[in-house]
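**Q** I'll drop the sequence and a predicted model, then ask my questions.
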There are 2 protein chains.
Amino acid sequence: MAIQEFSSFKREHKKLINLMPLQTGGILTDAAREALLEFADGYSTCDFCLGNLCNITNPPIKNFVHEILPEFLGCDVATITHGAREGKFMVMHCLTNPGDTIIIDSNRHYTTIVAAERAGLNLIQVPSSGYPEFSINVDDYIPLIEKHHPKLILLTYPDGNYGNLSDARRLGEVAQEYDVPYILNGAYAVGRMPINMMEIGADFIIGSAHKSTASAGPCGVLGMKRKWEDILLRRSAVYKSKEVELLGCTVRGAPLLTFMASFPYVKERINRWHEQVAKAQWFSNELENLGLKQLGEKPHQHDLLHFDAPAFYEISQHVREKGYFLYKELKKRGIWGLKPGLSKSFKISTFAASKEQLGFVIGSFRDLLTEYHR
Amino acid sequence: MAIQEFSSFKREHKKLINLMPLQTGGILTDAAREALLEFADGYSTCDFCLGNLCNITNPPIKNFVHEILPEFLGCDVATITHGAREGKFMVMHCLTNPGDTIIIDSNRHYTTIVAAERAGLNLIQVPSSGYPEFSINVDDYIPLIEKHHPKLILLTYPDGNYGNLSDARRLGEVAQEYDVPYILNGAYAVGRMPINMMEIGADFIIGSAHKSTASAGPCGVLGMKRKWEDILLRRSAVYKSKEVELLGCTVRGAPLLTFMASFPYVKERINRWHEQVAKAQWFSNELENLGLKQLGEKPHQHDLLHFDAPAFYEISQHVREKGYFLYKELKKRGIWGLKPGLSKSFKISTFAASKEQLGFVIGSFRDLLTEYHR
């Protein structure tokens, strides 16, 4: 590729109906788009820095991080991270030593595994119920805690594969009973649905701004109980205003401003979460009526849905494009977000699409089944 | 602050002459601004991801990271980081164990210290010549290497305090002679001036996109010799496409696209580096003619300049605003970038300002000296 071609990049599907689980919670508000342009230049967040990103008052990062986010997350202390995975690694790196064991749910995001590998940890995974619900019974943590004496436990809430919401609050009781620090990975929860760390009884709550708070990437949040502040946010012995685990500052750029600018909208949209759940359940029902099968918990409590689609898989066996036919046909109709190549089983998020748009998606699935089965 | 106020943030000094060392190399090109808006939404880089950020072909991240950046940096392998500090920590985390010793220059950025603290390392600092040049004689690494057997050595090139360019190439010979891995922190070099890792003989080269390649933050680059690839970019045992030390992917967002979109311009501007040096030397001379004293090496070889300004300090002792008078007076004249409160000694970068603008800055300094000394 000639170097000149590096000066113009376009996303071809910007105006399409977006069903991609990674993306539906990260679409910017107009306010965030303005903030992005305003703080576009490198190190623009640092105009009035006095030594610590989270204490900057212009723009009002300090108020956002130290007042607004803790109230929003139901935690004592919050800080900004590059995203959920970096938050998970931070906690692991601070609270464990290489060779230690932690216990996680088997529906965990791949980055939980990779963060643990980076920290040199042994992993014990709590199995799910398997096909088709893949649900996690949090009481299954108990015998594993008793056997392995983990340094940490982690629950993915909801998980990114099936959108299952396990009994996080019950696990909070377990964590307290066994006195083991508890990370709640809320990358698909924080910014989409009501969630409160203290009510759940977790020690840490992790959010992804680019995934679920209408923000540009990379940006995330880590909330914690006060008792962990001195460990997680310990200061440098040499530079007293610099937090070691954050390497001084994390998101020194525009994505943090989009997180802040979208926040009033995000805080408000959470109040309408029950509408999101109703929409997801209706959509799931309609697709099941077409012969698809929703995996994960039912009735589903989250916009992230996973479907088995045997009828589409059968079609893929007889068409030139194989599994890609589904992606292509949907894109032709203005629908975006199914992973190219997948037809047998795929994930969809109903979060960003209106009910009318989802009706069109359902109709498109129906048409494709009719058309290809002629 | 009311939550509604979080929806609109403005930078008041956008149109001012910018002299802030942190910011002068990070001002976006028009192409980068377009890319930023195009890829504003969360996880937009991942539209066509097949499992690894640096292998995405649309947008052409793969070509950028695996072809263009290695050629640009004179390294075998490059990857994307959240910034220079994260690159330094990555190398330290991979190549050392807690308790190990590394040797760094005493002009190092504070994040070198903090990254080493995060990695649990002992630090030996090569002293500079002290006031007024603060130069680093890289041969001073030798006795310290012989005594402490460090796992790594690091040189800041140039340093962020004085803009000194030490003899990085000589240190490359030393590193090879003693077979110790050598990190070149080029946060103020990569994207501003010609620099080539192999010619210098370093093992790692670190760049900051938001600092020096006309990019939004956070974004950076880490280049290395082929021999380090298997360690630094080792894959997960479970997820074969995921690099452990990157936690899978790093800059999953718009800042990477600004780095790419600005790149043709950045590559070209480096050819005019001699003009930048001449401009910095002329500016330094003019300020010295006004009675200020440039610290660091002379004649200066970088746009980052540090001045002692005894005459301004004297004024600050007699005015109501104390040291802030200088910041306020300059801002009134449309000049931005001196740290508010500083008058005795301050840093300036001449990189973003034209010679005409710098002439206006010099005139403003002159006027202030006259005005306040009446």
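**A** Good, I have the coordinates.
**Q** and the contacts of stretch A:283-297?
**A** Here stretch A:283-297 makes contact (Cβ atoms under 8 Å, 6 or more residues apart in numbering or on different chains) with A:131-135, A:161-165, A:298-300, A:305-312, A:345, A:348, A:350, A:358, A:361-362, A:365-366, A:369. No exception for glycine: its C-beta is placed from N, CA and C like everyone else's.
**Q** residues of it that come out buried?
**A** A:283-284, A:286-287, A:290, A:292, A:294-297 (16 or more other Cβ atoms under 10 Å in any protein chain shown).
**Q** just the ones of those residues in helices?
**A** Here DSSP state H is the test, and these give A:283-284, A:286-287 as lying in helices.
**Q** which pair in the residues you listed has the greatest spatial separation?
**A** Using Cβ to Cβ, these span at most 7.3 Å, a distance reached by A:Ser284 and A:Glu286.
**Q** what's near enough to touch A:Phe134?
**A** A:107, A:128, A:159, A:161-162, A:164, A:295-296.
**Q** please repeat the previous calculation with a cut-off of 10 Å.
**A** A:106-107, A:127-128, A:159, A:161-162, A:164, A:295-297, A:306 (Cβ atoms under 10 Å, 6 or more residues apart in numbering or on different chains).
**Q** for chain B, see how far away A:Asn58 is.
**A** 9 Å (Cβ to the nearest Cβ, to the nearest Å).
**Q** tell me which helix or strand that residue sits in.
**A** A:Asn58 belongs to no helix or strand when assigned by DSSP states H and E.
**Q** now it, nearest residue through space, not along the chain?
**A** Closest residue in space to A:Asn58, ignoring its immediate chain neighbours: A:Phe48 at 4.6 Å, by Cβ to Cβ, 6 or more residues apart in numbering or on different chains.
**Q** helix or strand for the one you found, which one?
**A** With DSSP H and E as criterion, A:Phe48 is part of no helix or strand.
**Q** mind checking which of the contacts of stretch A:283-297 are in helices?
**A** Within those, residues falling in helices by DSSP H are A:310-312, A:358, A:361-362, A:365-366, A:369.
**Q** filter those residues to the buried ones?
**A** Neighbour counting with 16+ other Cβ under 10 Å marks A:311-312, A:358, A:361-362, A:365, A:369 as buried within these.
**Q** determine which two of those are furthest apart.
**A** Taking Cβ to Cβ, no two of these sit farther apart than A:Ala311 and A:Leu358, at 19.1 Å.
**Q** any low-confidence regions in the stretch 201-350 of chain A?
**A** For the stretch 201-350 of chain A, applying pLDDT under 70 flags no range at all.
**Q** if we can go back for a sec, pull the most distant pair out of the contacts of A:Phe134.
**A** Most distant of the contacts of A:Phe134, by Cβ to Cβ, are A:Pro127 and A:His306, 17.6 Å apart.
**Q** what about those two, which has more around it?
**A** Comparing A:Pro127 with A:His306 by neighbour count (other Cβ atoms under 10 Å in any protein chain shown), the higher total belongs to A:His306, at 23 against 13.
**Q** about what we covered before: the residue nearest to A:Asn58: what's it in contact with?
**A** By Cβ under 10 Å, 6+ apart, the contact list for A:Phe48 reads A:56-59, A:61, B:11-13, B:339-340.
**Q** mind listing the strands for chain A?
**A** For chain A, the strands defined by DSSP state E occupy A:17-18, A:77-81, A:101-105, A:122-126, A:152-156, A:182-185, A:204-208, A:220-224, A:293-295, A:304-308, A:335-336, A:345-349.
**Q** got the domain ranges for chain A?
**A** A:11-24+A:272-372, A:30-269 (automatic domain parsing).
**Q** please identify the most buried of these.
**A** domain A:30-269 (a mean of 22; mean count of other Cβ atoms under 10 Å in any protein chain shown).
**Q** from the chain's centre, how far out does that domain sit?
**A** Taking Cα atoms, centre = their mean, to the nearest Å, the mean C-alpha location of domain A:30-269 is offset from the chain mean by 10 Å.
**Q** ok, so what distance separates the residue nearest to the spatial centre of chain A from chain B?
**A** Residue closest to the mean C-alpha point of chain A, counted by Cα atoms, centre = their mean, is A:Ala187 at 2.6 Å. As judged by Cβ to the nearest Cβ, A:Ala187 and chain B stand 11 Å apart.
**Q** so who does that residue touch?
**A** A:25, A:83-85, A:87-88, A:109, A:111, A:156-160, A:206-212, A:220.
**Q** got it, and A:Glu371?
**A** Contacts of A:Glu371 by Cβ under 10 Å, 6+ apart are A:315, A:329.
**Q** swap the cut-off to 7 Å and go again
**A** For A:Glu371, the contact set (Cβ atoms under 7 Å, 6 or more residues apart in numbering or on different chains) is empty.
**Q** ok, A:Ile206 touching A:Gly87?
**A** Yes. In terms of Cβ atoms under 7 Å, A:Ile206 counts as a neighbour of A:Gly87; the distance is 4.3 Å.
**Q** confidence score at the residue lying closest to A:Phe263 once chain neighbours are set aside?
**A** Leaving aside its sequence neighbours, A:Phe263 sits nearest to B:Phe6 (Cβ to Cβ, 6+ apart; 5.1 Å). Predicted confidence (pLDDT) for B:Phe6: 74.
**Q** could you measure from the spatially closest residue to A:Pro132 that is not a sequence neighbour over to A:Ile348?
**A** Closest residue in space to A:Pro132, ignoring its immediate chain neighbours: A:Leu295 at 4.9 Å, by Cβ to Cβ, 6+ apart. According to Cβ to Cβ, to the nearest Å, A:Leu295 stands 11 Å off from A:Ile348.
**Q** what is in contact with those two at once?
**A** Contact criterion Cβ under 7 Å, 6+ apart; residues shared by A:Leu295 and A:Ile348: A:Phe307.
**Q** how about the contacts made by the closest residue to A:Gln357 other than its chain neighbours?
**A** Nearest non-adjacent residue to A:Gln357, counting by Cβ to Cβ, 6+ apart: A:Ile17, 4.7 Å away. Residues counted as contacts of A:Ile17 (Cβ under 7 Å, 6+ apart) are A:334-336, A:353, A:357, A:361.
**Q** I'd say A:Leu330 and A:Gly337 touch.
**A** No. Using Cβ under 7 Å, A:Leu330 makes no contact with A:Gly337, being 8.3 Å away.
**Q** what parts of the stretch 151-300 of chain A come near chain B?
**A** Taking Cβ under 7 Å from any Cβ of the partner chain as the contact definition, the stretch 151-300 of chain A meets chain B at A:210-211, A:215-218, A:236-239, A:242, A:244-245, A:247-248, A:251-255, A:257, A:260-261, A:263-264, A:267.
**Q** out of the domains of chain A, which is closest to B:Glu117?
**A** With respect to B:Glu117, and counting by Cβ to Cβ, the nearest of the domains of chain A is domain A:30-269 at 4.9 Å.
**Q** end to end on the closest one, go ahead and measure it.
**A** 15 Å (Cα to Cα, to the nearest Å).
**Q** stretch A:332-349 now?
**A** Stretch A:332-349 end-to-end distance (Cα to Cα) = 19 Å.
**Q** quick one: it to chain centroid distance?
**A** That offset, for stretch A:332-349, works out to 19 Å (Cα atoms, centre = their mean).
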